[in-house]
Every structure is written in C-alpha cells, then in structure tokens.
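1. Give me coordinates for this.
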Amino acid sequence: MYLAASEHLVLAEPFATPTLWHTDLHQSNIFVSPTPPHDILAVIDWQDVSVSPLSAQVVFPKALRYDGKNFHFDQKVPVPPLPDDFQTRSPEEKVALKREQLDAFIQFYHGKLMQGDPLRMASQGLPDTATAVEPIYAMSRSWDVGLHVTRHWLARIQRRWSDMLGPDAPPCPINLSPEEIEKATKEYERWRKYQDQVDEIEALLGIHHDGWVATDRYEAVKKVCHKLHEAWDTTEVVGPYPFQDGAPSGIA
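-> Below is the predicted model:
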C-alpha cells in the first residue's frame, strides 16, 4: 500500500533533487582531534547513507539536535541558563542538565548556520513533509521495532491524503479499516510512551540510544544505570529496561 502511495508523495523541484545525506550523524559518529582547535578527523557509520529527494534528506543532524525538555530557545540568548534549583540537584542530574544545556546551544548554532541556506530553510517549512518522509524510515526499522510504527504512518497518510494532494487527488491506495486504524493508534501510543521513558533514561545517563559511553565515564554511568534498572517497573512502562545485556531497542 505504501509503495502505491509513495509515487504521489514526491514533491516537485527543487525539493525532489537527488541529495546525498548522512542520516545518522550523531556525536558518536564524529571523530575530532583531542587538542584545540578540535578539527574533525573522520565521520563514520556510512552504511545507511542514501541518495533520496531533498525533502526526505534535509533533517536536523542528530549531533546538532536538541530533544530535551528543560531549556527553551531564545534567539538572543545562545546559551540558555541552568534551572534555578540546579545547585540542589543530584550529581547525576547536574551532569545530565549540563549536557542538555550544551545540546541546546549546539542546536542554536545549527539554526544560525541554516539561515545562510535558503533552500534548506524553505524545506523545513514544507507542509506534511513528515507524513511523506517518516514512513520510509519506519519501514526500514520495522525488523527492529515492529510494524506498529509503520501502521501509524500509513493511517496518517490515509487521513491526510486529500489535504496533501488536493481535491483532484486520485483514490488513496491505503485502505486500512477503522478497526485497523484504532489498533495502530493504540499500539503507537504504547510504543511512544515506552520511547519517552527510554529518552529520560538516556538523558539521565548522558548516553546515546545505542548505549555508547566514553571510557572515562563508563564506571560511573554503569553504577547509575544499575540503580535505574532496579527501579524500572516493566508493568508501568510496558517494556524492558533498554540498557542491559540482550535488551531490545524497542517493543513490538
């Protein structure tokens, strides 16, 4: 159903221009020199690189994206202030907040860079881009996280079909029943709740979703991770603790 729909979701030029993009550019994939000025020495993890339409490729690099909840952007204040109760926080929370503060500044810097690229700025404001693009990534991850994310996006395409393509749109090739849509919605909400909990653990530990941690922080992070694992309630969260031997990266 998605393949039949996808040919109608490709945007016109210049947003259909074939573009090469590193889609997994997080901080662990960037090697820098240990001494100032910290030049970039190498970028790794190119196995998922592809040539796709510009609209599907122009995303915020993970290395420059802020997904935290404790800081708000102000174009006049590059470095957002720490919370007023920062000094009363636990050592683990202080480390997580300082890291989150740095991530917020990095995204501010990235936003400034984007202002010099009009086409990229325009691509960020395209309507329903996520509806056209996210199913591609959802399907590529279906072997890992399950089909519930794919079903969620298929249902969204079906709901938004006429709005995306206009009154002269051909019949939507995605024909999920109301029962299938309701099931997809519940499964996706369950998965999203689990992912939100995993994101909180990542922030507290100051690590990436694959569990990578710098050698000098390993023992300290391992100790905190063990405590968090003991407190993890699988009944409430509906999913396994994410950072343990043999743990899956999501729930089905």
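2. Going by C-alpha atoms from here, please, whenever you check contacts or count neighbours.
-> Noted.
3. Show me the helices in the stretch 151-252 of the chain, by range?
-> Using DSSP state H, counting those that start in this stretch, the helices of the stretch 151-252 of the chain run over 178-205, 218-231, 234-237.
4. Give me the average confidence score over the second one.
-> Mean pLDDT, computed over helix 218-231, is 90.
5. Ok, the shortest one next?
-> The pLDDT scores in helix 234-237 average 73.
6. Double-check residue 41 against residue 35; I have them as touching.
-> No. Using Cα atoms under 8 Å, residue 41 is not in contact with residue 35, being 11.8 Å away.
7. check contacts around residue 184.
-> Shown in contact with residue 184 (Cα atoms under 8 Å, 6 or more residues apart in numbering): 148, 149, 151, 152, 155.
8. Name the SS class of the second one, please.
-> Residue 149 falls in the helix class when you classify it by DSSP: H, G, I helix; E, B strand; the rest coil.
9. cool, residue 20 as well?
-> At residue 20 the chain is in strand, as set by three-state DSSP.
10. Excluding sequence neighbours, find me the nearest residue to it.
-> Leaving out its chain neighbours, the residue that sits closest to residue 20 by Cα to Cα, 6 or more residues apart in numbering is residue 51, at 4.6 Å.
11. And for that neighbour, the neighbour number?
-> By other Cα atoms under 10 Å, 13 other residues sit near residue 51.
12. before we move on, what about the one 3 residues further on?
-> As a burial measure, residue 54 scores 22 neighbours (other Cα under 10 Å).
13. I'd say it and residue 17 touch.
-> Yes. Residue 54 lies in contact with residue 17 (Cα under 8 Å); the separation is 5.4 Å.
14. Do a quick rundown of the strands in this protein.
-> Secondary structure of the chain, counting by DSSP state E: strands at 18-21, 30-32, 40-43, 50-53.
15. wait, which of those strands is closest to residue 221?
-> When the strands of the chain are compared by Cα to Cα, strand 30-32 sits nearest residue 221, at 21.3 Å.
16. Parallel or antiparallel, list what pairs with that closest one.
-> strand 40-43 (antiparallel) (DSSP bridges).
17. who touches the partner strand?
-> When contacts are defined by Cα under 8 Å, 6+ apart, strand 40-43 is touched by residues 29, 30, 31, 32, 33.
18. Flag the least confident of the contacts of residue 184.
-> On pLDDT alone, residue 148 ranks lowest of those, at 83.
19. about what we covered before: need the contacts of strand 40-43 in TSV (columns: neighbour count and distance to residue 196).
-> Formatted as TSV, the contacts of strand 40-43 follow (neighbours: other Cα atoms under 10 Å; distance: Cα to Cα, whole Å):
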residue	neighbour count	distance to residue 196
29	14	23
30	14	26
31	14	29
32	14	30
33	11	34
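20. Cool, thanks, talk later.
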